[in-house]
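Engineer: Got a predicted structure here, sequence first:
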Amino acid sequence: MTATAPPRPAAPASPPSPPSPGRRVAGRLLRWWRQLTAMRTALILLFLLAVAAIPGSLLPQRSLSQSDVAGYLAEYPTLGPWLDRLYLFDVFSSPWFAAIYLLLFISLIGCVVPRAIEHGRSLFTPPPTAPRHLQRLPESAALTTSLAGPAALDVVEEELRVRRFRVVRREGRSGPEASAEKGYLRETGNVLFHLSLLALLLGLAGGKLWGYEGSILVTEGQGFCNAFQQYDTHRSGPLVDGEDLSRLCVDLEDFEAEYEENLTAASYTADINWELDGADPVGTTIGVNDPLRVGGDRVYVTGHGFSPVFSITRPDGQTFTDLSAPFLPADLGTMLSQGVLKVPDLGAGSTEQLAIEGFLAPTGVLEAGFLTSINPRPLDPKVGIDVYTGYLGLDSGLPQSVYALDREQIDRGLLNRVARTNLAVGESTTLPDGTVVTFSGLKEFAALQVSHDPGQVWVLGASIAVLVGLLGMLLVRRERVFARSDPAPDGGGTVLSIGSLTRGSADTGPRFTSLTEDVQAALAARADAPASTPAARGHGPAPDEEAPPS
Amino acid sequence: MIDESLAALSDTLFSISVGLYSLAVVAFCAELAFGRSVRGRSEQLVAAGGVPAQPPVDVRAAGEPVEPTRARRLGLVAMVLTGLGAVAHAGVLVARGMATDRLPWGNMYEFATAVVLVAVVAYLVLAVRAPSLRHIGVFLLAPVVLSMVLIGLFLYAEAGPLVAALRSSWLAIHVSTATIGFGIFFVSGIASALYLVRSRRDATVAAGAATGAPAAPSLLDRLPTAAALDRTAHRTAVFGFPIWTFAVIAGAIWAESAWGRFWGWDPKETWAFIAWIVYAAYLHARTTAGWRGRPSAWINIVGLVVMIFNLLFVNLVSTGLHSYGGV
């Protein structure tokens, strides 16, 4: 738009002084802040976050399986350590992943806090004044009526209030006008959605800092208490003090696995007795999808398996009965399990140690000398074992797995295989030195897990708020309607111009039409002589001599 | 207890629905072919007249009257075939559910079948509400037929009972909403792909008109307008996004009671998160200057690719807690 402006008075001729260093830094920081909080930056950060999560699903992660990571490192001895240096086995706790989501959340704060303040202000300010050219709004109409201007606007206001608009009447430059607005919940939802994401992140962080979990294999008839030294494995947040753990003790009375006809696992249930703070034990049953929740802790059944029971009779008549160790299921379909029973002490007068390593089949069949299982239920238990004697290396100072032998002792010749055999329940084998090893039966064990996450209730509340905000943001329309009355050009009555502006919906036409039709009907009912006809309804600029505002 | 005759009925209905969808594809193709001569000319006039300043509010008004009767009849036939196919398709799941006496989405075969059904139903609803959108039928049903054939060939699992971990009322909540969300995103992604095709075609036509060498008429002129496609993609994504959000939250609640933690970056969880991020980016991009139109349509397509990857790769290739593939 070209317009001749009046000549501006000459500015005082002082050369711009160079900004002070402090102001320069402030200016640069402000520029960075603006860049960070721009929607474009937020979009790029969103993409980065999505891309950064990908390696976490493609590479083994320590948080999911330590052994998978160890296996990967062993398989790729050159590439593996490099990936490890880049935190690619701990993607979701890596500094660069944290950097992305923290930047994203800072950007989000910078974007949403000003919007929240602005929105809070708008809740207490009346709808804005009507634009000068109502016919230029996306939806507009002009109605003529015999009513006087204010009376016609009364009708419009009534119709808008019925539709739950907030209406304000003003005396505008070109006549009386009404501004109306509704759908404030849209922006409220938007602000709620983004702030709830922040709350969700805080809840997550709290849970990571003060949460812990411990896992333990418990054989029927045994139990454990909630203490890190009792667990087979545990993980705890940096702010967890081992002394602060709840005083919860759990005894496993009975474990039961049920199967369908086609051997699909139907349910795992564990009958447990638990006690908190030394109170009386309480009996309950927990199972898959059904943990025990008590005192901010949850107790889960995460798996089960069998421990073979052996008895050993030494040549001198000493007998050790009820020796057992959990064998871990290698195949959940048939419960073929693998493990080792280590017997470091064979009684007085013997420096030798003994180990029984091998497979356990709950329903075993021998195929060409190899033991396999055909049913996960313990219908006909068999073991296929190697018996070793010698030195186990348990006191060597190096930690070793409970579920496998230390291969180094075998390679060094300190631990020697003295028998290999398959045994059914009650069968025994005699070692060269006269020791008799008998497979006397099975015990069932359950894998139990105790979890504590003080943040999860917050996270749940925040995610519900995220969803509510999202629904408000996506379903509510923000609508503004403006109306103005002008005297009709021919002198008789009033021309009522109505225009509307909607954010968040494409299909505004029918709603606006229904509004104008209702207004028109009400005008006609109010006026003594219904002399109104719709005119100039539709889209696009109405013929107008004025240029659009530039 | 598996009712074998109902399970067999379910399998038969699967074949019938694939057959009906295939016939519908043929009918949609015929509609395009026979509708072309008349429609192509009229569309070109509209296109050559320049892009209207305001996109028409009512897309069904654009071009509908010039459609030849034969094409309209073929289109109707195609719609009826699609509807019948959807009925048979729903029958697949109902018979499965009755045969196994449980919700029929307990393994990948059933889940993927349900997702495709949601996509077809979403398309039917759209096409009935805005008849001009009917013309995306062939572009939607062709992938549907392809998906169904691949599901039948590679994901098929015998009717059977649920594994213990899935026996929870959250199956009805989490998996149902995930299915609905996925099916709607499927339609949304195809609408965005067609938007890309149509907007390129519009650019070609506009360039042709500018140089005085009008572009040859094309079947692509039969697609709904670029604006209508973009709006359809956006609206379906807006509808699907809260559903997907709910599905993820419900999954987290279920995971808390099943696996001992509500979120553990299991591969399925990771990819559900990635998909959520991508769709959030799509909805933001639609309102960001410089990202509207084609860039945001590409984001929507990336979202669909992520969803499909999450279904196939995570269940079939990687090992995680969600490996209920049954294949």
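Structural biologist: Great, that's in hand. Keep in mind that this is a model prediction, so the values were computed, not measured.
Engineer: which residue sits closest to B:Ile2, ignoring its sequence neighbours?
Structural biologist: Closest residue in space to B:Ile2, ignoring its immediate chain neighbours: B:Ala159 at 5.5 Å, by Cβ to Cβ, 6 or more residues apart in numbering or on different chains. (C-beta placed from N, C-alpha, C; glycine too.)
Engineer: same thing with B:Thr236?
Structural biologist: Per Cβ to Cβ, 6+ apart, closest to B:Thr236 is B:Ser188, 3.9 Å.
Engineer: Following the chain onward from the helix or strand hosting the one you found, which element is next?
Structural biologist: For B:Ser188, the host element (DSSP states H and E) is helix B:176-211. Counting by DSSP H and E, the next helix or strand C-terminal to helix B:176-211 is helix B:226-258.
Engineer: got a list of what A:Ile100 touches?
Structural biologist: A:Ile100 is in contact with A:Leu45, A:Leu48, A:Leu49, A:Ala52, counting by Cβ atoms under 8 Å, 6 or more residues apart in numbering or on different chains.
Engineer: same thing but at 10 Å, please
Structural biologist: Contact partners of A:Ile100, counting by Cβ atoms under 10 Å, 6 or more residues apart in numbering or on different chains, are A:Leu45, A:Leu46, A:Phe47, A:Leu48, A:Leu49, A:Ala50, A:Val51, A:Ala52, A:Ala53, A:Ser94.
Engineer: Could you dump these into CSV and include neighbour count?
Structural biologist: CSV is the format used below for these (neighbours: other Cβ atoms under 10 Å in any protein chain shown):
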residue, neighbour count
A:Leu45, 23
A:Leu46, 21
A:Phe47, 17
A:Leu48, 18
A:Leu49, 19
A:Ala50, 23
A:Val51, 12
A:Ala52, 18
A:Ala53, 21
A:Ser94, 17
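Engineer: Which ones among these also lie next to chain B?
Structural biologist: A:Leu45, A:Leu46, A:Phe47, A:Leu48, A:Leu49, A:Ala50, A:Val51, A:Ala52, A:Ala53 (Cβ under 10 Å from any Cβ of the partner chain).
Engineer: In TSV, list those along with secondary structure and pLDDT.
Structural biologist: Compiled in TSV, the ones next to chain B among the contacts of A:Ile100 are given as follows (DSSP: H, G, I helix; E, B strand; the rest coil; pLDDT from 0 to 100):
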residue	secondary structure	pLDDT
A:Leu45	helix	89
A:Leu46	helix	87
A:Phe47	helix	90
A:Leu48	helix	91
A:Leu49	helix	90
A:Ala50	helix	90
A:Val51	helix	92
A:Ala52	helix	92
A:Ala53	helix	90
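Engineer: where in the chain is pLDDT low?
Structural biologist: You didn't say which chain, so I picked chain A. A:1-16, A:504-507, A:528-550 (pLDDT under 70).
Engineer: actually chain B
Structural biologist: Short version for chain B, where the test is pLDDT under 70: B:1, B:35-68, B:319-320, B:323-327.
Engineer: Apply 80 and report the result again.
Structural biologist: Within chain B, the segments meeting pLDDT under 80 span B:1-2, B:34-71, B:213-219, B:289, B:316-327.
Engineer: What are the boundaries of the helices in it?
Structural biologist: For chain B, helices defined by DSSP state H occupy the ranges B:4-48, B:69-100, B:108-129, B:137-150, B:170, B:176-211, B:226-258, B:267-285, B:294-316.
Engineer: on that earlier part again, touching, the residue nearest to B:Ile2 and B:Leu6? I think so.
Structural biologist: Yes. In this structure, B:Ala159 is within contact of B:Leu6 by Cβ atoms under 10 Å, at 8.0 Å.
Engineer: contacting residues for A:Pro329?
Structural biologist: A:303-306, A:335-339, A:360, A:362, A:373, A:376, A:447.
Engineer: repeat that with 6 Å
Structural biologist: Residues in contact with A:Pro329, defined by Cβ atoms under 6 Å, 6 or more residues apart in numbering or on different chains, are A:Gly305, A:Met335, A:Ser337.
Engineer: What of A:Asn190?
Structural biologist: For A:Asn190, counting by Cβ under 6 Å, 6+ apart, the contacting residues are A:Met473.
Engineer: 10 Å instead, please
Structural biologist: A:Val112, A:Arg115, A:Ala116, A:His119, A:Gly469, A:Leu470, A:Gly472, A:Met473, A:Leu474, A:Val476, A:Arg478, A:Gly504.
Engineer: Tell me, how many residues neighbour the third one?
Structural biologist: Burial of A:Ala116 is recorded as 18 neighbouring residues (other Cβ atoms under 10 Å in any protein chain shown).
Engineer: what's the distance between it and A:Thr41?
Structural biologist: To A:Thr41, A:Ala116 is 19 Å away according to Cβ to Cβ, to the nearest Å.
Engineer: Is stretch A:236-247 positioned near chain B?
Structural biologist: No. Stretch A:236-247 lies apart from chain B when judged by Cβ under 10 Å from any Cβ; the minimum separation is 12.7 Å.
Engineer: now the end-to-end length of that stretch.
Structural biologist: End-to-end distance for stretch A:236-247, by Cα to Cα, to the nearest Å: 16 Å.
Engineer: Check the offset of it from the chain's centre.
Structural biologist: 23 Å (Cα atoms, centre = their mean, to the nearest Å).
Engineer: Kindly report the same for stretch B:84-101.
Structural biologist: That offset, for stretch B:84-101, works out to 19 Å (Cα atoms, centre = their mean).
Engineer: and if you look at stretch A:40-56?
Structural biologist: Taking mean C-alpha positions (Cα atoms, centre = their mean), stretch A:40-56 and its chain are 16 Å apart.
Engineer: same thing with stretch A:220-232?
Structural biologist: 29 Å.
Engineer: With stretch A:331-342 instead?
Structural biologist: How far stretch A:331-342 lies from its chain's middle: 33 Å, per Cα atoms, centre = their mean.
Engineer: Same list, the helices of chain B, but as CSV with mean neighbour count please.
Structural biologist: Output for these, formatted as CSV (neighbours: other Cβ under 10 Å):
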stretch, mean neighbour count
helix B:4-48, 18
helix B:69-100, 19
helix B:108-129, 21
helix B:137-150, 20
helix B:170, 18
helix B:176-211, 21
helix B:226-258, 22
helix B:267-285, 23
helix B:294-316, 20
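Engineer: Since that was my last question, I'll sign off now.
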